[in-house]
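A.B. asks: The sequence and its predicted three-dimensional model are supplied below.
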Amino acid sequence: MLGNLHGPWLICTALLLLVFAVRRRERIAVEELPWVVAVVVGAALLRLLGGVWGPMHVNGQGPFWIRGALDPEVLVTYGPGYFELFHWVTRLGIVPDRAIYLTNVWLAALTPGLLYITARLLGVASRGALAAAGALALDAVSIRGSASEAYFTPIIALVASMQASLALALRARQRCDWPALAAAIAAASLFATAAARIHPVAYLPVALSPLVISAAAGRGAWRIAIVLATVCALAVAGAVLSTSGEAVTAGLQTAAKAGYSAGTVHIAYGKAVALLALLWIVHLWSRPPWLPLLALCALVARQLTHAPDISINPLWELFYDRLFWPSILLGSAALLPRRVQRSAWVPGVTAVVAIALLLPALPHLTAATTERLEYEFLRGVLRGMPPGCTLASVGRAERRVWDAPTYLLPGTDPRATPRLTIEHADDLRNATVPNDCLLYVRSSLCSSAEARGLCEAVEQHSSLERIAGRTFPAAESYIGLPYDRSEIEVVVFRVHGHKVDRDHVARDSGSDGDGSGVPITAEFSQMLFDRLNATRESDGCGIARFDTGRVRITITLRDPSGSEHRLEIASSPSSAGGWSVNSIDKGEEACGASVNSLRTILAALTTPATAGQSDTTPAAPLPIVAFGLLALAVAVALLVTDAIT
């Protein structure tokens, strides 16, 4: 398996393979280049001017994904793809959030151009390809959401690149150019792997993409199309699983826990039958005749999928739809009748499609959530703070999450900026940080029923000096998690009276200040809780609270007198059994038997240091097994297609 590559090397390799395949006689007509350039430049300008230029994730997780481009361990449960794609741009001297937004803008602008090229390679008439590409370039949802940290934009661009590679493979097979065929299939496999390593929502669009080979069907070419599509699908699956099988498995587990599942099958099934019948009627004038099959399957796949964490925000659900729209537009481009494909008709068709996509999205495009307004306010305040400050905040309350944008603080390295996540009322008062500057943010999370009590207790127990504040209208980003008042006050405080240790790294239950430590999985945390909760020791202590961070667990034990004692558990290769158990407030004196039992349980479990070894292994070149599978698939394609022809 491939570890974290710390750069977009899969994409770079795929681009080199594409250059090789294109140079072998595959060219787009010179007179069409202005159209491609115009579509890309126009799409870029629209996204630069109309983008939101702020976080789009819901439930306070926008900064979490931006931190995922800085620290390879943050997004370990999703896959290394987001870090690999964006990490290098965060090292260019630009503030990390703006660097990611700008990269996403250009990826979104390139996608309509890729759609046009793919359509033309598959035999779609130039006007039909231009109408599809223009509709995607003018899509209001893409324009609004591309200048953000959302993972949808890079996945869409990578899937579009994969489909263009498969179209090149089809053209290479038609002219019996075997080296170009092998290079194009390998490039498509690498693009698919890069997409699958970002987020589980990429799996379905990637799996549908080999259907672009269906464009070869018709005129007696069905057998070749089926064989080639099968070979491409096997090559893609082999590359993804052999290089990123662990990431895919972790992604599927994460998706299952999040509630991704099949939707209302019986309703979608009826729609699928109707669409299939319509496709059979209209395919006679489609060119190529069976390319609309890709659009049909993309529509049905979207209808059959159900993702609770997508449907909790209308705009986020529209972004999810855009994962399938390039395939839908590509397949629909073949349905445009030739009599309509005149120059005068193309702008009208493009405008009709763009308006049809705009109308359902319009109510949600201009509405700003409280979290987005809060982020822009904090960006202006934190960028003006002195270098080396530590940022503290309440980060979680039941289902609510608020990730602190520590990378906005001035400093030499955003990855090393210390952060302090508050879990108890005295955490801020007792904090020890490596410098004199400690900031506390009363975030929008504090204006919720779940977190208000903790936030108020923290402020009552600490000496705070107000630096800046602003009030925003209450507009939740997550349906079902409303605020408890109509106006939300966000305030930045300077903390006085805290301890300073120049050699100390701020404690954070979600992340170590230096990025060290092996992530603790939800499965491991649940296993430890179940075993510890089932233990009854003579000291009479029981679990009062069990808080799992990214790299440490905080356990609060309650003794028979009602007093509470906190323990911190973290991975430590130098400690016996691979764990360190630290008593924060005399927990071992009052609950010694329970603490000893905890150490015994930990010694019997797999340590996180052992579990995480595969993630810390230096990245190697593509495994030989991946190239072997690709070579085998290409060889089978050559032998079988030669036998058929």
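C.D. replies: Perfect, thanks for sending it. Residues are numbered from 1 along each chain as shown.

A.B. asks: who are the neighbours of the helix ranked longest in the chain, in terms of helices and strands?
C.D. replies: With residue count as the measure and DSSP state H as the assignment, the chain has helix 222-258 as its longest helix. Applying 3 or more Cβ pairs under 8 Å, 6 or more residues apart in numbering; DSSP states H and E, we find helix 222-258 packed against helix 152-174, helix 178-196, helix 203-208, helix 624-644. To be clear about C-beta, it is placed using only N, CA and C from the backbone, and glycine gets the same treatment.

A.B. asks: Can you give me the neighbour number for the residue nearest to Ala14 when sequence neighbours are not counted?
C.D. replies: Nearest residue to Ala14, sequence neighbours excluded (Cβ to Cβ, 6 or more residues apart in numbering): Leu190, at 3.8 Å. Counted with other Cβ atoms under 10 Å, the neighbours of Leu190 add up to 31.

A.B. asks: Roughly how far does Leu190 sit from Cys455?
C.D. replies: Computed as Cβ to Cβ, to the nearest Å, the Leu190 to Cys455 distance reads 47 Å.

A.B. asks: Just to be sure, Arg494 is in a helix?
C.D. replies: No - counting by DSSP: H, G, I helix; E, B strand; the rest coil, Arg494 is not found in a helix; it is strand.

A.B. asks: secondary structure element for the residue nearest to it when sequence neighbours are not counted?
C.D. replies: Among residues not flanking Arg494 along the chain, Glu465 sits closest, at 4.5 Å (Cβ to Cβ, 6+ apart). Using DSSP states H and E, Glu465 sits in strand 463-473.

A.B. asks: Just the buried residues of that strand, please?
C.D. replies: Leu464, Arg470, Phe472 (16 or more other Cβ atoms under 10 Å).

A.B. asks: centre of the chain versus it, how much separation?
C.D. replies: Computed by Cα atoms, centre = their mean, to the nearest Å, the chain-centroid distance of strand 463-473 equals 32 Å.

A.B. asks: So which residue is smack in the middle of this protein?
C.D. replies: Tyr151 (4.0 Å; Cα atoms, centre = their mean).

A.B. asks: Need the pLDDT of the closest residue to that one other than its chain neighbours.
C.D. replies: Spatial nearest neighbour of Tyr151, excluding adjacent residues (Cβ to Cβ, 6+ apart): His199 at 4.8 Å. We have a pLDDT of 90 for His199.

A.B. asks: Tell me the spacing between His199 and Val595.
C.D. replies: On the measure of Cβ to Cβ, His199 and Val595 end up 40 Å apart.

A.B. asks: now the helices for the stretch 451-600 of the chain?
C.D. replies: Under the criterion DSSP state H, counting those that start in this stretch, the stretch 451-600 of the chain contains helices at 452-460, 522-533, 587-590, 592-604.

A.B. asks: got the contact list for the last one?
C.D. replies: Around helix 592-604, the neighbours that count as contacts under Cβ atoms under 8 Å, 6 or more residues apart in numbering are 528, 531-532, 535, 537-539, 541, 555, 557, 567, 569, 576-577, 579, 581, 583, 587-588.

A.B. asks: Could you give the bridge partners of Arg566?
C.D. replies: For Arg566, the beta-bridge partners are Thr556 (DSSP bridges).

A.B. asks: Tell me how many other residues crowd it.
C.D. replies: 19.

A.B. asks: got it, and the one 4 residues further on?
C.D. replies: Look at Ala570: counted by other Cβ under 10 Å, it has 20 neighbours.

A.B. asks: ok, and the closest non-adjacent residue to it?
C.D. replies: Arg552 (4.0 Å).

A.B. asks: lowest confidence element among the helices and strands of the protein?
C.D. replies: helix 613-616 (a mean of 34; mean pLDDT, DSSP states H and E).

A.B. asks: Which strand or helix spans Trp65?
C.D. replies: helix 62-68.

A.B. asks: List the contacts of that helix.
C.D. replies: 54-57, 74-75, 78, 82-83, 96-97, 100, 148-151, 371, 375, 401, 403-407, 511.

A.B. asks: Give me the mean pLDDT for it.
C.D. replies: Here the average pLDDT along helix 62-68 is 93.

A.B. asks: surely Phe86 meets Ile100?
C.D. replies: Yes - the pair formed by Phe86 and Ile100 meets the contact definition of Cβ atoms under 8 Å, at 5.2 Å.

A.B. asks: show me where pLDDT drops low in the stretch 151-300 of the chain?
C.D. replies: Applying pLDDT under 70 to the stretch 151-300 of the chain flags residues 216-221, 250-286.

A.B. asks: go again using 50 as the cut-off
C.D. replies: The stretch 151-300 of the chain contains residues with pLDDT under 50 at 261-269.
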